[in-house]
Each structure stands twice: as structure tokens, then as C-alpha cells.
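**Q** The following comprises the amino acid sequence and a computationally predicted model.
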There are 2 protein chains.
Amino acid sequence: MSEKHLQTGDALPPYGGKLRLFAMRFCPYAERTVLVMNAKNLQYDTVFVNLDHKPEWLLNYSPKGTVPALEYEEGKGIFDSNIINVYLDEKYPDVPLQSTDPLRRAEDKIIVELFAGVQSAFYTAAYNSQALQPNMVETYHKGLVALQDTLRARGTKFLHGETPGLVDFTLFPFLERFEALPLVGKPEFELVKSKYELLVNYIEAMKIVPAVKLYYLSPETHAKFIESRNKGDANYNMLDTSGVCCMRPRKKKE
Amino acid sequence: MSEKHLQTGDALPPYGGKLRLFAMRFCPYAERTVLVMNAKNLQYDTVFVNLDHKPEWLLNYSPKGTVPALEYEEGKGIFDSNIINVYLDEKYPDVPLQSTDPLRRAEDKIIVELFAGVQSAFYTAAYNSQALQPNMVETYHKGLVALQDTLRARGTKFLHGETPGLVDFTLFPFLERFEALPLVGKPEFELVKSKYELLVNYIEAMKIVPAVKLYYLSPETHAKFIESRNKGDANYNMLDTSGVCCMRPRKKKE
């Protein structure tokens, strides 16, 4: 799979008859949907898009120009990671990723809702660090302590149960990126093992879930992307190997 | 029912064994849940709270101190209007308010998501009018035109169908308040009948739905509340008749 991000002026690749996901390789929201599709063993194509120079056709699938967007039928899309993921879970119920109990489903959504402050602190730390206030560092750690407490209270390997569910796939893309913060000069965001033992074990367990492992990127890779974006030139295609994996060596420039 | 809003220092009324909703009489988000509970014929108690001087116990039910919050079991709460309403619809399925089709449920959520810009323009116009920009008036009307187009495309009396559903009860509390904007000096937000005939008819049809009628307030009442809040002294208790409805005339002051 090429990880080249299509941009303004690029043509929409022909529809292949499968579900098609519009994503950006480093976007945690898009990752949420990738993980859910992987966990449900769905067949799908991915189209990566450059969010600084969006291809015109993205708006047909996502009126706000955000990713992820899902082409569920040729030319027809829905957007928003949470909306897409609930849709996928309901439409393709073979591998159910939500509890059958309405209250538990509500509680799972509340975990995600309460995590919003942590996400927002992460974004400020990563991409807008001159606006970073001490209270955001506090919000971040308070939210992570609360998450760890919830994990402890539930007493299961994952938040969903002995296997991960929608709630886990919704939070994990952010947890994956938090480890990059100390690498971009934000040591106060480190998840110190002595304080976060349970949470760190949970993150490690998530990393080896097959649905996650397929798409996981190292803290170093995330740090590299964050730094490129902060320099004003987000390096969307840094993982693209489509140009180098061809069998013939490329012709030298003369 | 008293519409007195409890505040810091006030005791939590004893639990009555029913579902209990924490709300604020003029809050559109809380109204969403009131309408859903009414439509589902649920038995429930309401506790109104002063959002400027929140009672301490509100945080037990809603960690962010927002309304609505639902006490679904003594001492246990969930919050966020959309989370509560999906929970209620799934837990009490006798009067179903969502489509049985996963895609249609996703599309309903997208309608709500796309309406967020309209809501936000309303809030700026009502409560922060010095920050009002021409592009917000545009966003407002663009969103309403899109909503009217969706109504036309669906071809049903309500967005949900021939009876209103979750999507209608989610949007209506805002539509109800939009009519107050011309009364608080914002004529550019009027829903002019010639442009919005279908939408205005829809709003009128919503107003006489029994679940809505029970809780509906006039544009004049909303305008009065908006003005009191803009003066820095939100008049939460302006509808409270608990002091005047007793059988004995009040003793005259001497």
C-alpha cells in the first residue's frame, strides 16, 4: 500500500468496490476507524489525503474536509470517527465491539468524553507549545489517572473486556502519540511507569493486538511528524515507500 | 412543579425512586433530554440548578458540572444530552426514537454534527454579540438552508419520519430559541417565511407535538432570559411560581 497523500489537483483513484476510508497517516481520529475496521476484519481501501492541500473531492465525502471519512457506497460518504465507528459496529456485527448493555455503552462514551481534556492538552503540547499552561499539564495527568482508575475498577485487560472494543480503539491512537511528547521536548508529559503502571501495561497490551499492530507507529516516527508540522511543512509522505520499492533502480538524473 | 433553581449550599432533594433529571430551565441541551423523556412517557423528577452558583452535589452526577445529567439509579449519574438520550432510547425501547437502519442513524448524527455551526452562531449572537462576525450570520443561514434541504429530501413531516425522533428532539431546542434573536436586536437571524417556508412549518409542527408543548417557551420568554443573562444576572427563577401558588394569600409586609 502506498502511503502517498493525495492533494489538491490529484485525481480520486477509481472506486474498487470495497469500503473506502479517507485518512491521513498521522491522524489519531482516522486511526480510530482503521483500528475498528481491522478488528472487524473488514475489506477496505485507504486513500490518504494531504490536510494542508486537500483534494477537491474530499468535500464530497466529508463536508467539513476532516478525516476520517468513509465511502460506504460509491460516491457516498459519512464522516466523524465516532459516527463512522458506531455505524461500522452496527452494520457489521460479526465482531461486536460494544457492550450489549445500554448503560455500559453510555459509560464507555463518557470515558471518551472525559478524555477530551487530555487530548486537547496533548494537541497544545505537541503543536502549540507556546500556549501551554501548567493547568494543561495538570488536566492531562488528572485525566490519565482517572483513566487508570477506570481500568482498575473494571478489572479487565482492556476497557471493553478481555478483548478490546470501541472504547479502547477510540482512546488508543492518542495514547500511542503521548509517548512522542518527551521526544519533542515535553518531558512533563511522560507516563512515568511508577505512577502509571497499570495504564502503561494496558498500552503495551494494546500495541500487540493484531488490529493495532498493523498500523502502529513508534514514538520516534510520531515525533518526526510533529516536528515537521511544527516547522510549517508537515511531512505527510515520510512513510511512503511507493517510489523506492519498485524492482528497477531509479534512473539517475543526468 | 417548582421551577426554582437550586444553588450552592442548597440541599439535594430526597431521591424519589424515579429517574431524576438535573437541568436548567432555559438550557437547550437539557431540553433535549426533557423532550425525549416526555416522548417516551417516562416517569421522572426534575431538579433545576443555578449554573452560575452550582450546588456542590451536581458534580456527583456530572463531573464537568454541565446539564443535563441523569440520575439513573440513586446516587449514580450519566451526563451529556446525546449520551443520555441514546441511553434512554435503548433502555426504554417501547417508544423507539431512532431508525432501525444503522446508516440512517449515522446520517441523523451527521445532521446534528453539521448543525453545530448554527448553534455556535446562535450562542455568539445571543450572548456574545460584540464578537459577532458577518461570516457567523452566513454560517447560520447556510446551516438552516441545508437543514431545510434535508427536510425536503427526506419528504417526511419530521426528520425522523411522520413522528419526531431523537434527531428532531436534538435540534428543536435551538430552533425554539432562534425566534428570540430578532427580539434581542438581531433581526438578521430571523427565519423569514419566504425563504424558510418548509423549515418554519416544521418548527410549527414540532411546537404542537405533546412532548414539546409541555416544555415549550415563547420567544419573548427566551428573550427575557437572554437579556437577564447579558446583564450579568441570569434570571433562572423567572418562571418559578412555587412562592405564589400557595392557597393562602401572602401576609403583607408591615
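**A** Sure, I can see it. All values derive from a computational prediction rather than experimental measurement. Numbering: from 1, shown residues only, chains lettered A, B, ... in the order given.

**Q** element containing residue A:48?
**A** Here residue A:48, judged by DSSP states H and E, is contained in strand A:44-48.

**Q** tell me which residues in that strand are buried?
**A** By neighbour count on 16 or more other Cβ atoms under 10 Å in any protein chain shown, the buried set for strand A:44-48 is A:44, A:46-48. Where you see a C-beta, it was placed from the backbone N, CA and C, and this is true even at glycine.

**Q** Residues of chain A that sit close to chain B?
**A** Residues of chain A lying close to chain B by Cβ under 8 Å from any Cβ of the partner chain are A:63-64, A:72, A:78-80, A:83-84, A:86-87, A:90-91, A:102-103, A:105-107, A:109-110, A:113-114.

**Q** Restricted to helices, list those residues.
**A** Of the positions in these, A:83-84, A:86-87, A:90-91, A:102-103, A:105-107, A:109-110, A:113-114 sit in helices, assigned by DSSP state H.

**Q** Pull out the buried members of those residues.
**A** If we count by 16+ other Cβ under 10 Å, these have these buried: A:83-84, A:86-87, A:90-91, A:102, A:105-107, A:109-110, A:113-114.

**Q** any idea how far chain B is from residue A:218?
**A** 33 Å (Cβ to the nearest Cβ, to the nearest Å).

**Q** thinking again about what came up before, rebuild the buried residues of strand A:44-48 as CSV, extending it with pLDDT.
**A** Formatted as CSV, the buried residues of strand A:44-48 follow (pLDDT from 0 to 100):
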residue, pLDDT
A:44, 98
A:46, 97
A:47, 98
A:48, 98
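
**Q** Could you single out the nearest of those residues to chain B?
**A** For these, the residue nearest chain B by Cβ to the nearest Cβ is residue A:44; the value is 16.2 Å.

**Q** Excluding sequence neighbours, find me the nearest residue to that closest one.
**A** residue A:19 (4.2 Å; Cβ to Cβ, 6 or more residues apart in numbering or on different chains).

**Q** do the same with residue A:83
**A** Nearest one to residue A:83, counting by Cβ to Cβ, 6+ apart, is residue B:109 at 4.7 Å.

**Q** residue boundaries of the helices in the stretch 1-150 of chain A?
**A** Assigned by DSSP state H, counting those that start in this stretch, the helices in the stretch 1-150 of chain A fall at A:28-39, A:58-61, A:81-91, A:102-127, A:134-154.

**Q** Name the residues of the shortest one that come out as buried.
**A** If I follow you right, that is helix A:58-61. Residues A:58, A:61 are the ones in helix A:58-61 that count as buried (16+ other Cβ under 10 Å).

**Q** burial measure for residue A:27, as a count.
**A** As a burial measure, residue A:27 scores 20 neighbours (other Cβ atoms under 10 Å in any protein chain shown).

**Q** Now do the same contact list for it.
**A** A:51, A:67-68 (Cβ atoms under 8 Å, 6 or more residues apart in numbering or on different chains).

**Q** Same question for residue A:48.
**A** Residue A:48 makes contacts with A:3-6, A:23-25, A:236, as judged by Cβ under 8 Å, 6+ apart.

**Q** which among the residues you listed gets closest to chain B?
**A** Closest approach to chain B among the contacts of residue A:48 (Cβ to the nearest Cβ): residue A:23, at 17.6 Å.

**Q** Which residues are in contact with the closest one?
**A** Residues near residue A:23 by Cβ under 8 Å, 6+ apart: A:30-31, A:33-34, A:46-49, A:67-68.

**Q** May I see these organised as JSON lines, with distance to residue B:194 added?
**A** Below are the contacts of residue A:23 laid out as JSON lines (distance: Cβ to Cβ, whole Å):
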{"residue": "A:30", "distance to residue B:194": "42"}
{"residue": "A:31", "distance to residue B:194": "47"}
{"residue": "A:33", "distance to residue B:194": "42"}
{"residue": "A:34", "distance to residue B:194": "47"}
{"residue": "A:46", "distance to residue B:194": "46"}
{"residue": "A:47", "distance to residue B:194": "42"}
{"residue": "A:48", "distance to residue B:194": "45"}
{"residue": "A:49", "distance to residue B:194": "40"}
{"residue": "A:67", "distance to residue B:194": "39"}
{"residue": "A:68", "distance to residue B:194": "39"}
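
**Q** Closest to residue A:207 out of these?
**A** Of all the contacts of residue A:23, residue A:207 sits closest to residue A:31, with 12.8 Å by Cβ to Cβ.

**Q** ok, the closest one - how many residues close by?
**A** 27.

**Q** Would you agree it is in contact with residue A:171?
**A** No - using Cβ atoms under 8 Å, residue A:31 makes no contact with residue A:171, being 10.9 Å away.

**Q** thinking again about what came up before, quick one: the residue nearest to residue A:44 and chain B, what's the gap?
**A** 12 Å.

**Q** what's the burial count for that residue?
**A** Neighbourhood size, residue A:19 [other Cβ under 10 Å]: 18.

**Q** Okay, buried residues for stretch A:177-187 please.
**A** Using 16+ other Cβ under 10 Å as the test for burial, stretch A:177-187 gives A:177-181, A:183-184, A:186.

**Q** ditto for stretch A:61-74
**A** Result for stretch A:61-74 [16+ other Cβ under 10 Å]: buried residues A:61-62, A:66-72.

**Q** Restricted to strands, list those.
**A** A:69-72 (DSSP state E).

**Q** export those to JSON lines and tack on distance to residue A:14 and pLDDT?
**A** Putting those into JSON lines (distance: Cβ to Cβ, whole Å; pLDDT from 0 to 100) gives the following:
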{"residue": "A:69", "distance to residue A:14": "17", "pLDDT": "98"}
{"residue": "A:70", "distance to residue A:14": "17", "pLDDT": "98"}
{"residue": "A:71", "distance to residue A:14": "12", "pLDDT": "98"}
{"residue": "A:72", "distance to residue A:14": "17", "pLDDT": "98"}
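
**Q** Closest one to residue B:194 out of those, please.
**A** Nearest to residue B:194 among those, counting by Cβ to Cβ, is residue A:69 at 35.1 Å.

**Q** what about the closest one, distance to residue B:48?
**A** According to Cβ to Cβ, to the nearest Å, residue A:69 and residue B:48 sit 40 Å apart.

**Q** Show me where the stretch 151-254 of chain A dips below the pLDDT cut-off.
**A** A:244-254 (pLDDT under 70).

**Q** could you redo the last one with a cut-off of 50?
**A** Applying pLDDT under 50 to the stretch 151-254 of chain A flags the ranges A:249, A:254.

**Q** so where do the helices sit in it?
**A** Using DSSP H, counting those that start in this stretch, helices in the stretch 151-254 of chain A cover A:166-178, A:197-207, A:210-213, A:219-230.

**Q** any idea which of those is most buried?
**A** helix A:166-178 (a mean of 24; mean count of other Cβ atoms under 10 Å in any protein chain shown).

**Q** which residues are contacting that helix?
**A** Applying Cβ under 8 Å, 6+ apart, the contact partners of helix A:166-178 are A:28-29, A:31-32, A:35-36, A:39, A:81-82, A:85-86, A:89, A:97-98, A:108, A:111-112, A:115, A:118-119, A:122, A:126, A:147, A:158-160, A:164, A:189, A:191, A:203, A:206-207, A:211-212, A:216-217, A:222.

**Q** Swap in 6 Å and give it another go.
**A** A:28, A:31-32, A:35-36, A:85, A:97-98, A:108, A:111-112, A:115, A:119, A:158-160, A:203, A:206, A:222 (Cβ atoms under 6 Å, 6 or more residues apart in numbering or on different chains).

**Q** So what angle separates the directions of that helix and helix A:197-207?
**A** Angle of helix A:166-178 versus helix A:197-207, following axes from the mean of the first three to the mean of the last three Cα atoms, to 10 degrees, is 100 degrees.

**Q** between helix A:166-178 and helix A:102-127, how many degrees?
**A** 10 degrees.

**Q** now helix A:166-178 and helix A:134-154, what's the angle there?
**A** On the basis of the same axes, to 10 degrees, helix A:166-178 is oriented at 140 degrees to helix A:134-154.
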